[in-house]
Each structure stands twice: as C-alpha cells, then as structure tokens.
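Student: Pasting the sequence and the predicted model now:
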Amino acid sequence: MATIADKLVYMNETKLDYHREAIIDMGSPVPMDTPHRKYADKIRAIPQEGDGGITPGDGEWVRPSDRPTAPTLNEEEIYMLFGVQSTGPNDYAITLTASGGYTVDWGDGTVEDIASAIKCEHMYDYSTLAVTPNDIGIKWVWIKFTPTLATSYFTVINHKVRHSLRPASSSNSLIVPQVYEIYLNAPNVTTWAWTSATYERFYALEIFDWQGTNKLSTCSYWFYYCKSLRKVRMDASSPGSTATVKILTNFMNNNTAFNSTLDNIIFPEICTASSFLQNASAFNKPTPNFIVSGSTSSLMNAWTAFNSTINFDFSAMSASSSNFTNLTAFTGELVINCLALTATSLTLSQIYAMTGLRLLNMPSTLATISLTYTALGATELAILFEDLYDRTGLSSGAITITGSAGAAQLTTEQQEIATNKNWVITGV
C-alpha cells in the first residue's frame with residue numbers, strides 16, 4: 001500500500017501534468033522540464049482574445065531570443081533544433097533515404113555516417129553536454145543531416161520510427177521528441193512519412209520551414225498533434241510531382257495553438273482534406289483556395305475561433321461526413337457547391353452565428369438536410385429553400401431548421417418555396 005508521502009508526490013505530479021497540458025492547449029508551449037515556478041510566465045504568454053478569436057501577435061510566430069541562430073541552408077540540408085532537458089527523455093530517431101547514405105551531426109560532438117534507409121538514433125546526456133542552458137534549463141543543439149555523397153540527394157524522410165530503448169508497447173503520448181524547429185532544403189523528397197496516432201508526437205515543434213521546391217504527393221498526418229506549432233512555410237509547390245491530387249488527411253490535426261496565415265504554403269489545385277486542421281481552436285485566418293476532392297470528412301471541424309474568409313472550392317467533394325461542425329464564432333455566409341456530392345444527407349451543426357447558407361447545384365440524391373440553431377433569418381432561410389432540388393415526382397425530402405432565428409417568422413409563401421418542391425420542413 002502506498003504511503004501518504006507517496007500519494008502526495010503522485011498528486012503533485014498529476015497536478016503539474018494537468019496544468020502543463022492546459023497551458024499548451026491555450027497556445028503557450030511548456031517544455032517537459034519546466035519548473036512549476038515558471039508556469040506563471042507561461043500563463044502570461046497565453047494568446048489573448050481579440051478580433052473574433054485568439055490572435056497571438058496577430059498569429060505570427062516570434063522566435064525566442066534565447067535560441068541559437070537559425071541556420072542558412074544549402075541545398076540538401078536538414079536542420080532540427082533539439083532541446084536537451086535535465087529530466088529527459090532526450091532520445092531521437094529518424095530514417096532518411098539517400099543513395100550512398102547520409103551523415104548526421106548530432107550537435108554534441110557525435111557525427112555518424114548511416115546507410116540509406118537505415119534508422120539513425122541518439123540519446124543525449126544532459127550532464128556531459130557542454131552547452132549553456134537557458135533560464136529554464138534547456139540546452140539547445142542543432143541536429144544536421146546531409147547526404148554522405150556530394151552528388152546524392154534525399155528522397156524519403158521517415159518519422160515513423162522509435163529509439164530502440166522504447167519498446168513498441170510504450171505509450172504513444174510519452175514519445176515526445178523535443179524538436180522545436182525544423183528547417184530544410186530538399187527538392188527531391190517524394191515522401192515524408194510524418195508521425196501519426198501510433199508514433200511520435202511533436203508537441204514541442206513551433207516552426208517548420210521548407211525552403212525551395214519539393215516533389216511530395218501526400219502530406220497525410222503532417223504536424224499531427226503539434227500543439228505548439230505556430231508557423232509553417234513551404235515556399236514552392238511540387239513541379240516535379242506527377243500527382244494531380246495531394247492528400248492532406250489529418251494535416252495539422254489538433255494544432256490548438258496555430259493561428260498563422262496559410263499563405264506561406266503553396267497548396268496544389270486539388271486536395272483531399274479529411275480532418276484538415278481539425279480542432280484548430282485558435283485558427284482565424286482565411287482558408288486556402290484549393291479544390292476539396294473526394295470523400296473528405298471532418299473538414300472545418302471544431303474551428304471554434306474561426307470567423308474569416310472561406311476560400312475552399314467544394315465542387316469536387318463527394319461526401320460531407322462531420323464537415324462544417326462547431327464553427328461557433330463564424331458569422332458569415334457558408335457557400336457549398338454540391339456538384340459532386342453523392343451523400344444522401346447533409347448535417348451542419350453548432351454554427352450558431354452563421355448568417356447565410358447556400359447549397360449550389362444540389363443533386364437529387366441529397367434528400368435530408370439538418371440545420372439547427374443558427375442565426376439564419378426568414379429571408380436567408382427562404383434563399384436556402386430556393387437552392388433545394390425540385391423533388392416533384394420523387395420521394396419527399398426533409399429539411400430541419402429547428403432553433404433557427406427566422407424559423408418562426410417564415411411566411412406561408414416562403415415555406416411554399418420548399419414544400420412546392422416536395423420538401424417537408426421541420427422546426428417552423
């Protein structure tokens with residue numbers, strides 16, 4: 001049986017874990033070894049309310065002054081800023097592919113040549129690392145990767161690995177590499193296997209800066225659970241790629257601190273985007289203007305601060321499961337081009353302040369629409385009824401508008417816009 005002292009220690013550690021997680025969720029990074037006396041400074045750094053949502057410095061990231069100078073990149077170089085902590089864990093692992101192998105400089109005097117497509121890994125020793133710590137005890141080191149042969153280049157970057165000291169049964173939430181910044185120039189990379197639900201989570205990552213072109217065709221799980229991420233830059237699209245559709249599934253999912261412009265990312269014309277920026281609760285910037293393709297789900301889900309311009313083109317989207325959900329701050333008009341929609345039902349929920357909704361090019365297969373507790377007035381609802389597919393001679397359609405601001409004020413003539421097209425209205 002645990003002693004009272006053991007229980008007190010456990011309670012204190014649990015309290016610190018809860019506090020740290022809460023501060024991170026509010027947008028202020030907290031390294032794992034931050035002493036409790038420094039939590040007040042972290043709380044003061046939490047982004048403040050304003051302009052319809054959390055806008056920390058208008059969302060733009062400012063590099064902390066206590067860090068070593070950011071690198072000036074040459075082609076085929078990758079740099080990662082790693083924060084070595086007194087309490088750890090201070091391990092890191094990654095696999096790179098380059099013909100002739102690659103060289104890694106771990107920043108602590110260790111330099112290794114690694115065969116292509118073979119994992120490299122390292123464990124830092126805080127006590128022997130000859131680096132002056134910052135005011136909360138972090139010792140910064142740059143990890144540098146280059147192809148071993150001058151004529152070679154990187155083609156694959158794979159984060160889906162673990163240090164050999166971590167068994168497969170390790171809790172995924174504990175595998176948190178202390179990588180704070182990533183900079184690279186690698187124009188021939190075709191695959192970057194980012195983390196996912198079963199691998200490392202880069203909670204500490206604040207900036208990702210890809211300089212130059214790339215040949216990527218998929219960005220699935222990029223920046224998954226990067227809760228401290230504040231800035232992403234990819235200067236150019238992928239002219240060498242033959243892919244016409246890029247996959248953005250879970251791109252920047254659960255990035256609760258992110259509120260920077262996406263103008264620094266050149267997205268392809270057409271993307272599948274399930275869970276794109278899902279739960280990005282601080283995001284309040286204009287969306288990219290790519291065409292949303294295929295069976296995309298959970299798009300624009302839980303953007304609770306969002307009240308900006310929607311530039312997505314939904315004309316190639318075939319499904320709509322859990323899209324447009326929990327946009328509680330959005331006060332504008334949502335326009336959905338249903339041209340390719342194959343779903344038989346469409347549900348929009350928790351968009352309480354929305355003042356306009358258009359469903360253009362509605363197909364005959366879409367027969368059920370649920371739209372509850374919105375700010376839509378009678379005029380706006382009547383405009384929506386004009387968009388409904390004429391189901392005369394077909395089975396009746398059903399549209400629910402329960403709780404909408406103008407539902408009770410709809411005139412008989414306005415309701416007949418829908419009912420004369422064989423739609424049943426619920427909630428008037």
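Tutor: Received the coordinates, thanks. Remember, predicted model here, so these are calculated numbers, not experimental data.

Student: Centre-most residue in the chain?
Tutor: Per C-alpha atoms, centre = their mean, the C-alpha nearest to the average position across the chain is that of residue 252, at 1.5 Å.

Student: Once you drop chain neighbours, what's closest to that residue?
Tutor: Leaving aside its sequence neighbours, residue 252 sits nearest to residue 223 (C-beta to C-beta, 6 or more residues apart in numbering; 4.6 Å). Backbone N, C-alpha and C define where each C-beta goes, glycine included.

Student: so who does the one you found touch?
Tutor: The contact partners of residue 223, taken as C-beta atoms under 8 Å, 6 or more residues apart in numbering, are 194, 202, 205, 208, 229, 232, 251-253, 255.

Student: Now the residue nearest to the centre of the chain. Its backbone dihedrals?
Tutor: Note on residue 252: backbone dihedrals following degrees, to the nearest 10 are phi 60, psi 40.

Student: pretty sure it contacts residue 276?
Tutor: Yes. Contact between residue 252 and residue 276 holds when scored by C-beta atoms under 8 Å: they sit 7.2 Å apart.

Student: anything in contact with each of these two?
Tutor: Shared contacts of residue 252 and residue 276 (C-beta under 8 Å, 6+ apart): none.

Student: Could I get the phi/psi values of residue 104?
Tutor: Residue torsions, per degrees, to the nearest 10, at residue 104 are phi -120, psi 130.

Student: which regions of the stretch 151-300 of the chain sit below the pLDDT cut-off?
Tutor: The model of the stretch 151-300 of the chain has pLDDT under 70 over residues 167-176, 196-200, 235-245.

Student: what are the ranges of the strands in it?
Tutor: Here the stretch 151-300 of the chain has its strands, by DSSP state E, counting those that start in this stretch, at 154-158, 179-185, 191-193, 207-210, 231-234, 245-247, 270-272, 291-294.

Student: Redo these as JSON lines? Include mean neighbour count and distance to residue 164.
Tutor: Converted to JSON lines, the strands of the stretch 151-300 of the chain look like this (neighbours: other C-beta atoms under 10 Å; distance: least, C-beta to C-beta, whole Å):
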{"stretch": "strand 154-158", "mean neighbour count": "19", "distance to residue 164": "15"}
{"stretch": "strand 179-185", "mean neighbour count": "22", "distance to residue 164": "18"}
{"stretch": "strand 191-193", "mean neighbour count": "17", "distance to residue 164": "18"}
{"stretch": "strand 207-210", "mean neighbour count": "21", "distance to residue 164": "26"}
{"stretch": "strand 231-234", "mean neighbour count": "19", "distance to residue 164": "31"}
{"stretch": "strand 245-247", "mean neighbour count": "20", "distance to residue 164": "30"}
{"stretch": "strand 270-272", "mean neighbour count": "21", "distance to residue 164": "35"}
{"stretch": "strand 291-294", "mean neighbour count": "22", "distance to residue 164": "39"}
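
Student: would you list those strands in TSV and tack on distance to residue 64?
Tutor: Listed next are the strands of the stretch 151-300 of the chain as TSV, based on distance: least, C-beta to C-beta, whole Å:
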stretch	distance to residue 64
strand 154-158	26
strand 179-185	9
strand 191-193	26
strand 207-210	11
strand 231-234	13
strand 245-247	32
strand 270-272	33
strand 291-294	36
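
Student: who wins for proximity to residue 285 among those strands?
Tutor: Comparing these against residue 285 with C-beta to C-beta, the closest turns out to be strand 231-234 (11.8 Å).

Student: hmm, who's touching that closest one?
Tutor: Around strand 231-234, the neighbours that count as contacts under C-beta under 8 Å, 6+ apart are 60-61, 206-211, 214, 223, 252, 260, 262, 264-266.

Student: and with 7 Å instead?
Tutor: 61, 207-210, 260, 264-266 (C-beta atoms under 7 Å, 6 or more residues apart in numbering).

Student: what about that strand, distance to the chain center?
Tutor: If you compare the mean C-alpha spot of strand 231-234 with that of the full chain, they lie 12 Å apart, counting by C-alpha atoms, centre = their mean, to the nearest Å.

Student: Would you mind extracting the C-alpha trace of it into PDB?
Tutor: Once side chains and other backbone atoms are set aside, the C-alpha atoms of strand 231-234 remain, and they are given as PDB (Å, rounded to 0.1, in the frame of the first residue of the first chain):
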ATOM      1  CA  LYS A 231       4.400  28.800 -38.300                       C
ATOM      2  CA  VAL A 232       4.600  26.700 -41.400                       C
ATOM      3  CA  ARG A 233       6.300  27.800 -44.600                       C
ATOM      4  CA  MET A 234       6.700  25.900 -47.800                       C
END
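
Student: Would you quantify the distance from residue 411 to residue 135?
Tutor: Summarising the geometry, the distance separating residue 411 from residue 135, computed by C-beta to C-beta, to the nearest Å, is 66 Å.

Student: An error on my part: the question was meant for residue 69.
Tutor: Computed as C-beta to C-beta, the residue 69 to residue 135 distance reads 18 Å.

Student: My guess is residue 177 contacts residue 94. True?
Tutor: No. Here residue 177 does not reach residue 94: they are 8.8 Å apart, not a contact under C-beta atoms under 7 Å.

Student: tell me the contacts of residue 407?
Tutor: Residues near residue 407 by C-beta under 7 Å, 6+ apart: 381, 401, 427-428.

Student: If we use 6 Å, what do you get?
Tutor: Contacts for residue 407 were tallied using C-beta atoms under 6 Å, 6 or more residues apart in numbering; they are 401, 427-428.

Student: so can I have a markdown table of those showing distance to residue 158 and secondary structure?
Tutor: Converted to a markdown table, these look like this (distance: C-beta to C-beta, whole Å; DSSP: H, G, I helix; E, B strand; the rest coil):
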| residue | distance to residue 158 | secondary structure |
| --- | --- | --- |
| 401 | 49 | coil |
| 427 | 51 | coil |
| 428 | 56 | coil |
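
Student: before we move on, back to that, in a markdown table: the contacts of strand 231-234, plus distance to residue 119.
Tutor: Formatted as a markdown table, these follow (distance: C-beta to C-beta, whole Å):
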| residue | distance to residue 119 |
| --- | --- |
| 61 | 30 |
| 207 | 25 |
| 208 | 21 |
| 209 | 24 |
| 210 | 22 |
| 260 | 32 |
| 264 | 31 |
| 265 | 29 |
| 266 | 31 |
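
Student: With respect to residue 359, which of these is nearest?
Tutor: Using C-beta to C-beta, the shortest approach to residue 359 within these belongs to residue 265, at 28.8 Å.
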